[in-house]
Structure formats: structure tokens, C-alpha cells
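Chemist: Any chance you can model this:
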Amino acid sequence: MSTATAHDTAHDHHGPPAGLSRWLFTTNHKDIGTLYLWFSFTMLLIGGAMAMVIRAELFQPGMQIVDPNFFNQMTTLHGLIMVFGAIMPAFVGLANWLIPMMIGAPDMALPRMNNWSFWILPFAGTLLLSTLFMEGGGPNFGWTFYAPLSTTYGPESTDFFIFAVHLLGMSSIMGAINIIATILNMRAPGMTLMKMPLFVWTWLITAFLLIAAMPVLAGAVTMMLADRHFGTSFFNAAGGGDPILFQHVFWFFGHPEVYIMILPAFGIISQIVPTFSRKKLFGYSSMVYATASIAFLSFIVWAHHMYTVGMPVAGELFFMYATILISVPTGVKVFNWVATMWRGALTFEVPMLWALAFIFLFTLGGFSGLMLGVTPADTQYHDTYFVVAHFHYVLVAGALFSIIAAVYYWLPKWTGHMYDQTLAKIHFWWSVISVNILFFPMHFLGLAGMPRRIPDYAIQFAEFNQLASIGGFAFGLSQLLFLYILIKTIRGGEKATDKVWEKPEGLEWTVASPAPYHTFATPPQVK
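Modeler: Okay, the predicted model is just below:
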């Protein structure tokens, strides 16, 4: 009998491990999904606290609260923590929870690696945050860490930042390998690829993006390390290198990365909208092909982040056309969601409210992205608050809203309890109003020429900044209500039925749909 078998047999006598060891050594996809989701929520609150520092400083012109260097550390770590600590782990957590159940698999394909890919995260996150307490302070060069600012002038703590980025990348790659192995090898008999729920499809495609993009980031930070300590000159013009090379390498990772953070969101919305429309998703196969097209195109548009570096006009034209092209499959998705709702028996439960807010606000972010994709326009908008407004509409009102929608949609299945609907609706309206007060004025600030990543500004930008800061504090506060709703639901409450979203309040269905909660229900008739 091997040690592993002996160990397993020993375990069987005592039942499953309890307490701390349950969470430390778990190979259960649901437990690991839960760990990911709690970790990402923790990071969301930490990254949000940093955003509060930024908005407090920008509440009025002049230097109020923090010195410029600390302000730069806040903008840098806020970005890194929200991307690598909040949004990505939340989607991986949802993948862990849902994919095995949606494809009829007993667990993930590689359960031990699943445990490892999670437990790397808290250490990487702690390492990243610890840089704030080091001599010279944390990284202060923006989340895009452009050379030579990060290589030649970065603080001592930059090396720890590089190590943290490597760890975060390892975690992502292992998670992606696991997801691909699970989806391709462990589907229930009869579940062909074109029968999979859309959330599974979007994650399959996202996992390939992760495997292709993360090593590029690893290459970028490794070259940084070499430039800092081993006498190379990858990004140093004095030694024959090129700082523009850094931007190419970074954005070749960075652009697929933004699609890594939105494709799973598309999958979530494609699960929620059909449920509350009581209709099949409109154009299932076109949704799959649109997702694949977006993923392919995401690799050939990276230099639209670099229109101002002095590219040849032919290069600018190529990247402009490719960028505009990527809005076509995205538009197909939005059209299909709207067509799904068209003449459906709509009800507006909490997850549906978030999904609708997602569709509306993400589309708005898509339009400002289209503006930024046009070279001569972007030359004006570049590095202004217009860009900040654009990517926060797609990442907060897009990715984050879809994650919250998913939590409200599946929480009754996860906990067995129904949450307080009234509180959840208050959370929704509070969030959706405050997020617009926070980010919408930034469009005007950017168009008026206010540069991003600065702690002080000219007097004419004061009113819009004050408005944005008020919206920011309100939005931050609303997420504490979300935390309260979650804890309250986990601890108890009204028992959830086996078909949670079957019968909406105040409507009687004549046909009870036999479909499980994650597939597509047949449209019932209203009495």
C-alpha cells in the first residue's frame, strides 16, 4: 500500500478534515472556489481603500493628505491589486465552483494543483502589499510599470514587486491548465462542446488567453530584473536598448489581459439573462464564435495603447482598424442579450438588475473604448482622465458588476439560504448610482485635458473631481453593505428551494421548467 493510499485510508476513519486543515489542504473544487472568492473580496476592500486615498487627495486642488510619492504608490498598488487580486481570482473562484457542476464532472481535473494555485495567491498578495512598508516605499510607477521609470528609477522594493508578479502569473497559469484539462476531459457523456453552458465556453477560451499572455508578462518582469541587477540593457537606450520595447512587451500581455477580465463576465451575463427572460439564449453558436473572435483579435491590437510613441502611420492604421474590428463580435454579444430579453417573460430579481446594469454600462465603456481606438482622437485623449473613465466603466461597471451578479445568482445554491432581497436591491441601486457619479464626470475631466495619475490639478477641474470623490466614497461604502448581506446569508435565512429562480414573486407559472438552474429554461406561459 502506497503512502498516499495509507494516508487516504487513515483519513476515511476520521471523516473529512475539519477546522483549519480543511481549508489548507482541501482539494474540493467548491472549497477552493470559496477561498478564491473570499480572497478576492478581501483584496477588493484593500484596493478600494487605496482608491479612497486617491479620491480623498483629489477632492480639492492642492496637496491635502498625502505626499506625491505616496499618491503614486497608491495608484500603482490600487491597479495591481484590483487586476491581479480582485477581478481575476474572483473569476477563477467562480470557475472552480461552477464548471465541474455545469459539465457534470465530479471535481476539477487536477485537484492538488488546484489547491496550490490558490495558496500561492495570499503569499503573492502579501508580498506585493509589504512593499509599502519597505525603505523607499512601494512601487510608484503605475500598474503598467513602464521602463525606465521602473528599471532605472524604481525604489528598492521593485524586486519584491517583480517576484510577486511572477507568483501571481504562476497561479493564473496553473488555474488555466486545470480549467482546460477539466473542460476537455471531464464532460458528462452527451455533453458536446456546443452543448456547454456559455460560462464554460467563455472560461475555456479565457484559459487559453491566460496561458498565452501570462508568460509574456513574466518575460517583461524578468528583463526588468536583468536590467536592474545583471547589467543588461533591454530597456536602456544608453546601452543600446529601447524603452519602447517595454511597452510592446507589456501591452502584448496587457491587452489580452483586459479580455481575460471580461470574457468570463460575458459568460455570466449569458447565464443570467436567459433565466430571467424565461427564454433560451438567442444565437448560442454566434456567442461562442464571437467569444473566440474577441480572443483572437485581442492579440493583434496591443499597440493601440501606444499611439503616442511615434509609430509609423501604417502601424497606427493597422492597429486602429484591428481595434475597431474587435467591437463587431462585442456588438454581436450585446445584440444577442437584448434579443434574448425581447418578448421574454422578464422579471427583475436582483441578479437580473446587475446583469442589465452590466449590459448598459459596459456598452457605454465600449463606446468610449471605440473613441480611444481612433488614432487621431486618442492622441488627444491619451493619458487623460478620459482613459480612466473608459477602463473603469468596463472593469467596474463591467467585470465587477458581473461578479456581483454571479454571487447574487448562485449564492442561494451555494449556501442553501435566500438572501435579504430588500437589502440586496438597496445595494444594487446604491452601487449603480454612486458608480456613475464616480466615473461619469471623469469623461468630462479628460476631454477638458486633466492628466491622469497626478495628485494635484488646476482649479477648473475642481467641481467634477469633488463630484467623483463623493461618488467614490458612496460606492466604497455600498460594498460594506454587500459584505453584511453575504455574512447574513451564510449564517442563515429563508431556505432556498431546489429551483431557486423558478417562480418569481407575484407571478404564477402554469409550466414549471424542468431545467436545472444553470441551463436554459423553457419559456413558461403566464396565466
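
Chemist: What residues of stretch 403-413 count as buried?
Modeler: 403-413 (16 or more other Cβ atoms under 10 Å). For every residue, glycine as well, the C-beta is placed using N, CA and C.

Chemist: Looking at these, which is nearest Leu168?
Modeler: Ile403 (18.0 Å; Cβ to Cβ).

Chemist: got a pLDDT number for that closest one?
Modeler: You'll see Ile403 listed with a pLDDT of 98.

Chemist: Can you say which helix or strand has it in it?
Modeler: helix 401-415 (DSSP states H and E).

Chemist: Likewise for Phe235?
Modeler: Judged by DSSP H and E, Phe235 forms part of no helix or strand.

Chemist: check contacts around the nearest residue to it once chain neighbours are set aside.
Modeler: Excluding its sequence neighbours, the residue lying closest to Phe235 (Cβ to Cβ, 6 or more residues apart in numbering) is Ala147, at 3.5 Å. By Cβ atoms under 8 Å, 6 or more residues apart in numbering, Ala147 lies in contact with 224, 227, 234-236, 243, 246.

Chemist: tell me the contacts of Gly315?
Modeler: Counted by Cβ under 8 Å, 6+ apart, Gly315 has contacts Ala303.

Chemist: next one: phi and psi at it?
Modeler: Per-residue torsions, Gly315: phi -60, psi -50 (degrees, to the nearest 10).

Chemist: Then Pro451?
Modeler: phi -70, psi 150.

Chemist: about what we covered before: take the contacts of Ala147 and write them to CSV, including neighbour count and distance to Ile454.
Modeler: Formatted as CSV, these follow (neighbours: other Cβ atoms under 10 Å; distance: Cβ to Cβ, whole Å):
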residue, neighbour count, distance to Ile454
Met224, 27, 24
Asp227, 22, 27
Phe234, 21, 28
Phe235, 25, 24
Asn236, 17, 26
Pro243, 17, 21
Phe246, 24, 22
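
Chemist: Out of those, which comes closest to Leu325?
Modeler: Phe246 (26.3 Å).

Chemist: Isn't the closest one up against Thr144?
Modeler: No: using Cβ atoms under 8 Å, Phe246 makes no contact with Thr144, being 9.2 Å away.

Chemist: on that earlier part again, how far does the helix holding Ile403 sit from its chain's centre?
Modeler: 15 Å (Cα atoms, centre = their mean, to the nearest Å).

Chemist: need the next SSE after it, C-terminal direction.
Modeler: helix 421-447.

Chemist: Who are the contact partners of the closest residue to Gly373 other than its chain neighbours?
Modeler: Using Cβ to Cβ, 6+ apart and skipping residues adjacent in sequence, the residue nearest Gly373 is Thr323, 3.6 Å away. Applying Cβ under 8 Å, 6+ apart to Thr323 gives the contacts 301, 304, 373.

Chemist: Over whichever strand or helix holds Thr323, what's the mean pLDDT, rounded is fine.
Modeler: For Thr323, the host element (DSSP H and E) is helix 313-341. Helix 313-341 shows an average pLDDT of 97 in the prediction.

Chemist: Just give me the residue right at the centre of this protein.
Modeler: Ile87 (3.1 Å; Cα atoms, centre = their mean).

Chemist: Contact partners for that residue?
Modeler: Ile87 touches 40, 261, 395, 399-400, 403, counting by Cβ under 8 Å, 6+ apart.

Chemist: Gly79 versus that one, what's the distance?
Modeler: 11 Å (Cβ to Cβ, to the nearest Å).

Chemist: is it true that Val350 touches Gln421?
Modeler: Yes: between Val350 and Gln421 there is a contact under Cβ under 8 Å: 6.5 Å.

Chemist: Tell me where the protein has strands.
Modeler: Assigned by DSSP state E, the chain shows no strands.

Chemist: domain parsing for it?
Modeler: 31-261, 270-279+334-513 (automatic domain parsing).

Chemist: Distance of Asn28 relative to Pro100?
Modeler: 10 Å.

Chemist: pLDDT below threshold where in the chain?
Modeler: 1-16, 503-527 (pLDDT under 70).

Chemist: which one's the longest helix in it?
Modeler: helix 198-229 (DSSP state H).

Chemist: by how many degrees do it and helix 313-341 diverge?
Modeler: In terms of direction (axes from the mean of the first three to the mean of the last three Cα atoms, to 10 degrees), helix 198-229 departs from helix 313-341 by 150 degrees.

Chemist: between helix 198-229 and helix 401-415, how many degrees?
Modeler: 120 degrees.

Chemist: Relative to the whole chain's centre, how far out is helix 198-229?
Modeler: Using Cα atoms, centre = their mean, the offset of helix 198-229 from its chain centre is 15 Å.

Chemist: just checking, what packs against it?
Modeler: helix 88-103, helix 158-185, helix 243-260, helix 263-277, helix 284-297 (3 or more Cβ pairs under 8 Å, 6 or more residues apart in numbering; DSSP states H and E).

Chemist: which of the residues in that helix are buried?
Modeler: 198-207, 209-210, 212-214, 216-218, 220-221, 223-225, 227-228.

Chemist: can you check stretch 41-48 too?
Modeler: So stretch 41-48, judged by 16+ other Cβ under 10 Å, has buried residues 41, 43-44, 46-48.

Chemist: Any chance of JSON lines for the residues you listed, columns distance to Val334?
Modeler: Converted to JSON lines, the buried residues of stretch 41-48 look like this (distance: Cβ to Cβ, whole Å):
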{"residue": "Phe41", "distance to Val334": "28"}
{"residue": "Met43", "distance to Val334": "29"}
{"residue": "Leu44", "distance to Val334": "26"}
{"residue": "Ile46", "distance to Val334": "32"}
{"residue": "Gly47", "distance to Val334": "28"}
{"residue": "Gly48", "distance to Val334": "28"}
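
Chemist: give the contact list for Ile490.
Modeler: Going by Cβ under 8 Å, 6+ apart, the list of residues near Ile490 reads 415, 417.

Chemist: go again using 6 Å as the cut-off
Modeler: Neighbour list for Ile490: Thr415 [criterion: Cβ atoms under 6 Å, 6 or more residues apart in numbering].

Chemist: Check Trp143 too.
Modeler: 76, 79-80.

Chemist: nearest spatial neighbour of it, skipping sequence neighbours?
Modeler: Closest to Trp143 by Cβ to Cβ, 6+ apart is Gly79, at 2.9 Å.

Chemist: Find the residue closest to Ser402 in space, skipping its chain neighbours.
Modeler: Closest to Ser402 by Cβ to Cβ, 6+ apart is Ala265, at 3.5 Å.

Chemist: Having no further points to raise, I will conclude here.
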